[in-house]
Every structure is written in C-alpha cells, then in structure tokens.
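K.L.:
pasted the sequence and its predicted model underneath.
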Amino acid sequence: MSAIEYETVIGLEIHVQLQTKTKMFCGCPLSFGDPPNTHTCPVCLALPGSLPVTNAEAIHFGLMMGMALGSELAPRSIFHRKNYFYPDSPKAYQISQYDEPLCLGGRLGDVRIHRVHLEEDAAKLVHAGGSGRLHGSDASVVDFNRGGTPLAEIVTEPDLRDATAAAEWLRMLRSTLRVLGVSDVNMEEGSLRCDANISIRPVGTTELGTKTELKNMNSFRYIERGIRAEAARQEAIVRAGGRVEQETLHFDPRTEAITSLRSKEDAHDYRYFPEPDLTPVAISAEMLDRAKAALPELPLARAERFERDLGLHAESARLLAFRPELGDYFEAAIDGDGANAQPVANWLGNELLSRLEADADPAQSNVAPVALAKLVAMVSAKQVTQGGARQVLDKLIAEGGDPERIVEAEGLGAVGGSDELAPIVEAALAANPDVAEKLRGGDMKPIGVIVGHVMRETKGRADGGEITRLVRSQLGL
Amino acid sequence: MTDVTTLTAKQAADAVAAGDLDATELFEAYRAKAAADELNAFTWVADNAPESNGATQLPLAGVPLAVKDLFCTEGVPSQSGSRILEGYLPPYSASVVQRLTAAGAPLLAKTNQDEFAMGSSNENSGYGPVLNPWDRTRVPGGSSGGSAAAVASGAAPWALGTDTGGSIRQPAALTGIVGLKPTYGSVSRYGMIAFASSLDQAGPLTRDVTDAALLYGQMTGRDPMDSTSLQHPEAIVLPTAERLDGLRLGVPEAITGEGIEPGVFARFEETLKLAQELGATVQRVGLPHAEYGLSAYYVIAPAEASSNLARFDGVRYGLRAEASDLLSMYTKTRHDGFGDEVKRRIMLGTYALSSGYYDAYYGKAQRVRTKIAEDYRNAFETVDLIVTPTAPTVAFALGAKTADPLEMYLNDLFTVPISLAGIPAISIPAGLSDNLPVGFQMAGPAFSENRILGAAYALERAIGFDATAGRV
Amino acid sequence: MIDREQVLHVAKLARLELSDEEVGRMASELSSVLGHIETISKLALDDVAPTSHVVEVANALRADVETPCLPRDVALSQAPAVQDDGFLVPSPQA
Ligand SMILES: [Mg+2]
Ligand SMILES: [Zn+2]
C-alpha cells in the first residue's frame, strides 16, 4: 500500500429559491404548502401558446447577490432553453442562463465564485397513493405549484478542501443571503439546496482528479457526512488501483450509502439554445443603483467591524456577525461602548446561548440586552463574582428584571474587602487545624479545603484570589 | 336583396355602422356558408351569432372573423391541425383574438391548417386536406390553407393566419386573395400555438388590400404577455393613393425566370410594367445570401419546433397513449399524436441541436440569418420595396409533392428569406395562369406596412383581379 | 449521411417511437434534406454574430405583481389522467 496522502477538492453548486412575490416567468404567487395545483396559469402549466415574461424583481435580487459576492455584473445576459423530458418540467425544457449569465466571478471568504445565474424551479413529483397504480405499476402525481419559482444558481470554484470547511462556508453563504433578504434559505424546506462536485488528488499535486456530483443534500450535517463518505469512497477506489467514474451520485444519510443516479446509457444532451421567447436582459444604471441602495451590511463586513472597532477576537466576531440576530443583540447590549465588548460577547456566546434553545434569538428571551450588559459590568467591577453572576443570569432567564436588584434581593453581591472576608478565613483555618499545619509547612496543596470552606460560608460570593492572599498573610507565608 | 357575403369586410362594416345592415344577419349569412363548406376549410364553426353588444359602434362593426386553428380560443377547440391536441379546449384566448373581439369582430369559425403550421399545401393537417376553391383537385397552399380557402370561397369575410416561412403569403397567392405577413413582433404571439418562435407571425388574409389594412390595424400593438412584441411606430391607415410616383421597386438578381413557371413569371413581369405605368421605377438588387435562406430556415425552424413541441407529452392536455412506464408513455403518445411531417421536423431540429452538431447547424444558420437581414437592410438603401413572385408555381395537384419533402420545401423559396429577416411582406393577386391565381409579393423594411399596403392598393386597382371564379 | 443508428439516437432524445419502416424512411429523407442544408457549411461566417432576435428588444421585464391563477378544476380539466388533485403519470422509476 502506497503512503500517498490524498486531499479532497470540493466545489459547490447551490440553488436558492428567491423571495419574490411571483414566479420567474408568470404572475402566479409563489406557493408554500398550498393545496396542489392551485398556483398555476397557462404559462407555468406550459399550455400551448403561452409565453414567458421575466420577473424584474428576480433580476434585482440577482444583481444584489452579484454585488454581495463581488461578481462582475454582465451588462447583457440572456436565457437559454435546457431541453429534457421529465414530468416536473412542463415545457420539457428549463429556462436557464447558460453561457451568458447575470454574474461572473466573485468571492465569499476564501472561496472564489465561478458564476451566479437565474433559472426556474421544477414542479413537484409526488408518489401516488396505493390507488395510484397505473396498469399495475407505480404512478406519480405532478403538482405545478412550485414550478417556475425563481432560482439563483451559485457555482463556486473548487476551492474547498474538506467537508467541515464546505459546511462552514455554506453557513457563511446562507447568512449572507439571509441578510440580503433575497431568500429565506431554509435547507429543510428546500429554499437552499446544495450539490457538491468532489474529487481527490495526492497532496501536493495541482491537477484535478475526476469529479463526481453529489446531489441534493438537504442539511448541513448531511453535506458534511456526504462529502466525507464520497471522498472516502473515491480514495478506496484509487488506492485499490481503480479509476473514479464521472457520475451523478445520491447520498442516503440513513445508510450513508452512495448510489449512482443516472446510468450513462441516457447520457445527457440538453440541446441548449437561446430562448427565442425572451429578449436579452440589459442592466441599466438605474437597476444597478437600486440594487446597490438595497445592500445591507454583510456578515463578513460586520465581523471585520467587530474586530477592528470593538477589538473582538475573530471567533467571537464571526459568531456574532454570521448569526445576524446575535449581532443585533450584541450591538444593542454594548450600545456603541466598546469598553466591555469582549466580555459581553463572551457572556452572550457562552453563558446566555448555552441557557437557550439551539438557534434561539436571545432578543426573544427574558434577558434584555441592557440587563446582560449591566451584569457583565458588575462582574468586571468585582461587584459580583463569576459564580454569582451565573446565578443572576439564571434568574434573569427565568423572570427577567434588573441584575442589580436581583443581586441585592438574593444577597449575591461579592463579599467585598479583606476586613469582611478576614474573619471568615480565620474561622476556616481554625476549623481545619491539620490543613493549616500543612500550609504552614509550605505544602499549599490542601488550600482548596480552606477556599471551599470560605465559599460555603459566603455562598460563593467570595473571590478565590482574595481568599488565597488572606490565608498566606494570616499564616505569615 | 343582395347576398351580404359578396361585400368586402370594409363594405360590410360600413353598412353595419350606417345601420343599413344588421350584424346578426351578416353573421348568420356567413355562419350558414361556413357550415355548408365543402372544402374542409373549417375545423369548427359557431352554432349561432353572439349578441351584437354595440358591436356596430366598434371599429370592426361586427364583421365576423375566421381564425386559424392554432390561435387559442377559450372554450373552443384549438388543435393546431394536430391529432395530439384533438378536442383541446384552452382556458384562455390568444391576445390577438381578444383584441379583435374587443374591436367588434366576433369569432365565426376556426380554420384547418397544416399540422403545427408545418407545410405548404395543407396536406399535413391531422383533419384532412383543404381543397382549393379554384380547382378542387388542387391544394390551397399552406400552412394557413383553411383561412385562405375560407376567404377565397367567400365562406368568411376575412381570416387570421400565421406566417413562419410563407404560410400566409403562399396560400393567399394560390387562392387569389391578399395576405400580409407583418413585421416580426408587431402582432402578439401570446396564445398562438408555437411552431418556430423566432419566425412565427400572425397576419390577415383578406379579399382586398383595404380589408388587410383595416384588420391589421386592429391586430398590431405591444403586448406585455409577449416579450418579443413591439409597438408599431405609426398608426396603420387605409390606403387611398392610386399612383406609385417615385416608388423604387427592387427585383432580386436571382429572379431570372429560371425555376419559375412561365405563366407565373409572365404575370410578374406584367405587374412590374403596370407599376412603372403608375410611376414606379424598377431596378435590380443583390441579396447575396438569400439563396442560403432555405437551408438556414430548415435548420432554425425545426430546431425551435423540436423544443416547442416537446410539451406535448401526454401529461397536462391532449392525447396520451397508455403505457405502464413513463418513457413508453412519452414515445408512444408522440408517435401516435404527431404526423409524418411534424415527426420529420422534430427529428431534423433535434439532430441540429444535438451535441456535436450545434455549431455546424444551428449556430451557422443563425449567422446566415444575420447576413440575410444585412442584405435586406443594404438593399433598402437603394429601393423602397423588393418584389418577387410569391411562389414559383400556381396551385399544384393534391399529392403532387407529398413524396419528396425537399421539393415541397422549395415552394417557400421566395418567402423564407423575408421571414428570416423579420420584415413585412404582402402577397396580392396578379392575375391567372392556367385559370389559377398567381401571387405578387412586395417586401419592405421593418414597420413599413403602410408603405407596402399603399403600393399594394394602387397595384390592386390597376390589376383589377376578378376573384369571382374562386367563389363558391 | 445520417444512418439508422443516428436516427434511433435522435428519436430517443426527442422521445419519439419510430417503427422500423419509419426509421429507414427517416434516415433517407433527413439525409436528403441535410444534403441541401450542407450548402451553408461552405460559408465562412465565424466573424459574423448569430441572430436570435431579428428585431432586438432588450428588457421586456415584468413587474413583480400577482395575476390571478387558474381554478384547479380548470387547470386539470384537459388532463388525460388526474388523481389526488394532480396530474397522474407513470412513475419515472417504473
Ligand atoms: Mg440549475
Ligand atoms: Zn403561472
């Protein structure tokens, strides 16, 4: 067995359902779980004689995405017909951009964008119930509500090197698109769909290996597991001296099995040609201005601002910026004052979040941003110990309120200067003569006993460092 | 009292507007004739006249309209001459049909046609061939053969047709009536069952030039439902000028008489002389790429058709052949539903678009198209209109050309390049050869319909064509 | 110039069943038409832009405004087979 190390090369193809009011090429309202075939018209049913007309808002969203990703915006782009027969494709062709897309190039984080183009979604094919048997064989039922929903397809360069990074990057893309407001980017509901092009190559080599396309993994977890499984499959093939076949694959998250979707026998020939029913899209200065004006601060920019202006660590900055609701809570808490920024970020990121449901918005909790900020300030001012503050936070979660009041009411205030603490320490030493003896002898190991004793006495409101200092001075060490 | 169906549409409209003629009586007269039609010109005829709700005040004053089968008409069979759409009832009407109904022209009938407008003889209809009223052993031309026969025979005052490579002009020529193929985009295609999207264009088939101007004027206009539709830059006026002083006519150098029936060429030359007598000048123009028009057309049109007709898959409407698996359902449905010519063009177009052939065929044909459009633009620097015979022959016998598709295609030699250029052209009757009508074609720059109609009107008066022999 | 093999491949792309006799006829008819079309292959037009729209219109865009949908019974009214308020088709997997 060779000792060659392999690296995984990953490129992503992401389909995003755009949040327009109506479909890509007709005026039917978008549909979410409505009764089947209630959102159709002659155009999206591909009735004879009907013609498509492009939704201007989809172009607008496309331009916003292009700007957010730093793409080159094509002054003129056109639509093609991608011809294939399938019941979810009523015209038997998908109107999609081909060699003249709306956005070319760009980058998000350290992944280059190859292109962003617009197209239309397919209809839904659902397996017919038992009675749906046609001549004894299975049958399906087509629901055209989803057919024609505007899609943006984002294609990256093969810049990702492992499954975790791919999932991480996809999260970054998702929050970027969410902040843009062009899509609700929900993987479970299919408004964000990801395919991965995967190949492996010996570490240190530059030429790309044969890639396979792993289709429609509908959660971040599946994407990670799917890519890992496929990379392993490829490596096994190569190590066994075999060759990876270029094919489209399906990953089954339950069994982790990877199966080939299409046999070569009906190799695809989409017969692309320019859609004669549509005219070119020419981008005017007005369209560009409108898209620019609509751009909010994007997660990456916000993270940079948090680091630069508030001195947050990179990890905190990204955590808060890539979850917009956390960023907003954080900014409300510090209220423009950078002094406590990092501690507030820590308390929000570690203590508060760990007390809420996963992905919950802290703004919806009982803990007001100002309350958290005040609590953090009291900790820094040693008015309350970390331990005390945690108890205050529990109380805030339970019934909200003002940390200062809670500290008073519950008597959780830190036991202040040595005068208050000294007698307690003295009592503790007296209560543990053997320990005191050891300490006097210079063996500091058992000091924990004394600290623990004092903490018990003060209900954890004393400062550990202060206790140690007092022990040493009282024993003349 | 006189037979109201002998009136032209304009005369009838004026009579109705003046209160001298009852719109319902007019409709009934035509309805009776259409119902008694023996030419197989119609695929559907209205049962009774619609309430003429103030139609008399409208521009078309209640003059009934025959409409080619491929225009979708709400609740009325719209089958595009194909068995795959047998009995299909659309839930909406084509934009142009809505416009004309709103302008006061009620739907009289749907007319027979070559299947999906693919043909030049109407022998490709899934509902049987249409006979030429001048000689029932001959074809009326196609693909708008039903509309042409209906108007020529007097069973309809006027009709809508569509022209992709000559499908209005050629049948108009072969039946002795007027047919106008407007500038591409000047009439909405919404609701027209597509053949070749970049070429299809609706237009009027009428008894005379005035009727053509009247009907076209109500058809044209930008339609938000058709991205490729355009607003005509000027209003369409009814022509009145009787002379052609200063009009420069161009005859393509390729028109030498060779490959044209002698009788047809004779009528063409006589018409040129008449034009000169009316003050026009005649000169030669070069259209260096026109000779490649037919080749480019028979790549582009089938390619677009192969995609446009892919939606006929037995799922949402039309015929379905029963089968237990999806692939056989598709292939059997399309085998049973499409006729030979349609299959031929689907195959040709699919081949031309298939991987490895696109550049050699579709890509190349689109470049030829660019050159042809250029040729016409250049020619119109030196002439106002380009004139040719509409078709190289008069109406031919049923079955005469069905054996050899290529020979059938050659019928469109003079009409196809104009379609590729997207420019308007008209065919008017220029006399008879062997007692069969001969068509004279005039083409102009984009949106020059007024100029074309004006010249056609003056020539029409000078020619004084007698259409009565074609009436039933 | 186009043989039975190619005819069958193209027919599959076009989802068109052809009888044996049709395959043969198609091969010869397409060949003769393609033979005529070949005339354009001689032309040197690489520097010429292809035309998809003779009359170029840009930006025929639609405002993002709802228009009424078809009632479902109307949408389904012309379908050869209907079930569960949808269009019934043989399963692609079958
Ligand atoms: Mg796509
Ligand atoms: Zn729709």
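P.N.:
Here it is on my side, so go on. Numbering: from 1, shown residues only, chains lettered A, B, ... in the order given. Ligands and ions are numbered 1, 2, ... in the order given.
K.L.:
quick check, pLDDT for residue 38.
P.N.:
Since no chain was named, I'll use chain A. At residue A:38 the predicted local confidence, pLDDT, stands at 98.
K.L.:
correction: the question concerned chain C.
P.N.:
The model reports residue C:38 with a pLDDT of 90.
K.L.:
where does the prediction get shaky in the chain?
P.N.:
This is for chain A. Judged against pLDDT under 70, the low-scoring parts of chain A cover residues A:1-2, A:129-137, A:262-267, A:416-418.
K.L.:
meant chain B actually
P.N.:
With pLDDT under 70 as the threshold, chain B has low-confidence stretches at B:1, B:52-54.
K.L.:
would you map the helices across the stretch 151-300 of chain A?
P.N.:
Counting by DSSP state H, counting those that start in this stretch, one finds helices in the stretch 151-300 of chain A at the ranges A:163-180, A:220-239, A:285-293, A:299-310.
K.L.:
elements contacting the last one?
P.N.:
Helix A:299-310 sits against helix A:163-180, helix A:314-322, helix A:324-334, helix A:341-346, with contacts defined as 3 or more Cβ pairs under 8 Å, 6 or more residues apart in numbering or on different chains; DSSP states H and E. Backbone N, C-alpha and C define where each C-beta goes, glycine included.
K.L.:
what does the third one give?
P.N.:
Under the contact definition 3+ Cβ pairs under 8 Å, 6+ apart, helix A:285-293 sits against helix A:56-68.
K.L.:
please identify which of the helices and strands packed on helix A:299-310 is closest to residue B:332.
P.N.:
When those are compared by Cβ to Cβ, helix A:163-180 sits nearest residue B:332, at 43.7 Å.
K.L.:
could the helices and strands packed on helix A:299-310 go into TSV alongside distance to chain B and mean neighbour count?
P.N.:
TSV is the format used below for those (distance: least, Cβ to the nearest Cβ, whole Å; neighbours: other Cβ atoms under 10 Å in any protein chain shown):
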stretch	distance to chain B	mean neighbour count
helix A:163-180	27	20
helix A:314-322	40	21
helix A:324-334	37	20
helix A:341-346	51	21
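K.L.:
wait, which of those helices is closest to residue B:391?
P.N.:
Comparing these under Cβ to Cβ, the one sitting nearest is helix A:163-180, at 58.3 Å.
K.L.:
give me the contacts around the closest one.
P.N.:
Counting contacts by Cβ atoms under 8 Å, 6 or more residues apart in numbering or on different chains, the residues outside helix A:163-180 that touch it are A:8, A:10, A:12, A:14, A:16, A:61, A:64-65, A:68-69, A:108-109, A:111, A:154, A:160, A:183-185, A:192, A:194, A:196, A:220-221, A:223-228, A:231, A:295-300, A:321-324.
K.L.:
and with 7 Å instead?
P.N.:
A:10, A:12, A:14, A:16, A:64-65, A:68, A:108-109, A:111, A:160, A:183, A:185, A:192, A:194, A:196, A:220, A:223-224, A:227-228, A:296, A:298-299, A:322-324 (Cβ atoms under 7 Å, 6 or more residues apart in numbering or on different chains).
K.L.:
ok so, going back, need the helices of the stretch 151-300 of chain A in JSON lines with distance to ligand 2, can you?
P.N.:
Shown next, in JSON lines, are the helices of the stretch 151-300 of chain A (distance: least, Cβ to the ion, whole Å):
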{"stretch": "helix A:163-180", "distance to ligand 2": "25"}
{"stretch": "helix A:220-239", "distance to ligand 2": "32"}
{"stretch": "helix A:285-293", "distance to ligand 2": "24"}
{"stretch": "helix A:299-310", "distance to ligand 2": "34"}
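K.L.:
of the contacts of helix A:163-180, just the buried ones, ChimeraX syntax please.
P.N.:
Command for ChimeraX that selects the buried part of the contacts of helix A:163-180, burial taken from 16 or more other Cβ atoms under 10 Å in any protein chain shown:
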select /A:10,12,14,16,64,65,68,108,111,160,183,185,192,194,196,220,223,224,227,228,298,299,322,323,324
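K.L.:
reformat the helices of the stretch 151-300 of chain A as CSV; add distance to residue A:350.
P.N.:
Formatted as CSV, those follow (distance: least, Cβ to Cβ, whole Å):
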stretch, distance to residue A:350
helix A:163-180, 20
helix A:220-239, 22
helix A:285-293, 38
helix A:299-310, 16
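K.L.:
if we can go back for a sec, which one, of the helices and strands packed on helix A:299-310, ends up nearest to residue A:357?
P.N.:
Across the helices and strands packed on helix A:299-310, the minimum distance to residue A:357, taken as Cβ to Cβ, is reached by helix A:324-334, at 12.8 Å.
K.L.:
for chain C, which residue gets nearest to ligand 2?
P.N.:
residue C:69 (6.6 Å; Cβ to the ion).
K.L.:
how about the residue of chain B found nearest chain A: what's its closest non-neighbour residue?
P.N.:
Using Cβ to the nearest Cβ, the point where chain B gets nearest to chain A is residue B:310, with a distance of 3.3 Å. Distances taken as Cβ to Cβ, 6 or more residues apart in numbering or on different chains put residue A:92 closest to residue B:310, at 3.3 Å, once the chain neighbours are dropped.
K.L.:
for that neighbour, grab phi and psi.
P.N.:
Backbone torsions of residue A:92, given as degrees, to the nearest 10, read phi 70, psi 20.
K.L.:
and residue A:150, by the same measure?
P.N.:
phi -60, psi 140.
K.L.:
what residues are bridge-paired with it?
P.N.:
Beta-bridge pairing for residue A:150 (DSSP bridges): residue A:120.
K.L.:
helix, strand, or coil at the residue lying farthest from the centre of chain B?
P.N.:
If you look at how far each residue of chain B sits from its centre, by Cα atoms, centre = their mean, the farthest one is residue B:324, at 41.2 Å. For residue B:324, the secondary structure call by DSSP: H, G, I helix; E, B strand; the rest coil comes out as coil.
K.L.:
in this structure it contacts residue C:90, no?
P.N.:
Yes. Using Cβ atoms under 7 Å, residue B:324 and residue C:90 qualify as a contacting pair, with a distance of 6.0 Å.
K.L.:
longest helix anywhere in chain C?
P.N.:
helix C:20-37 (DSSP state H).
K.L.:
close enough to count as contact, residue B:45 and residue B:34?
P.N.:
Yes. Under the contact definition of Cβ under 7 Å, residue B:45 touches residue B:34, with a separation of 4.6 Å.
K.L.:
what do the two both touch?
P.N.:
Between them, residue B:45 and residue B:34 share these contacting residues under Cβ under 7 Å, 6+ apart: residue B:109.
K.L.:
contact partners for the residue lying closest to residue A:30 once chain neighbours are set aside?
P.N.:
On the basis of Cβ to Cβ, 6+ apart, the spatially nearest residue to residue A:30 that is not a chain neighbour turns out to be residue A:149, at 5.7 Å. Contacts for residue A:149 (Cβ under 7 Å, 6+ apart) come out as A:17, A:23, A:24, A:30, A:120, A:121.
K.L.:
ok, of those residues, which come out buried?
P.N.:
If you count burial by 16+ other Cβ under 10 Å, the buried members of the contacts of residue A:149 come out as A:17, A:23, A:24, A:30, A:120, A:121.
K.L.:
turn those into CSV, columns for distance to residue B:179.
P.N.:
Rendered in CSV, the data for the buried ones among the contacts of residue A:149 read as follows (distance: Cβ to Cβ, whole Å):
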residue, distance to residue B:179
A:17, 47
A:23, 38
A:24, 37
A:30, 44
A:120, 37
A:121, 42
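K.L.:
all set, thanks.
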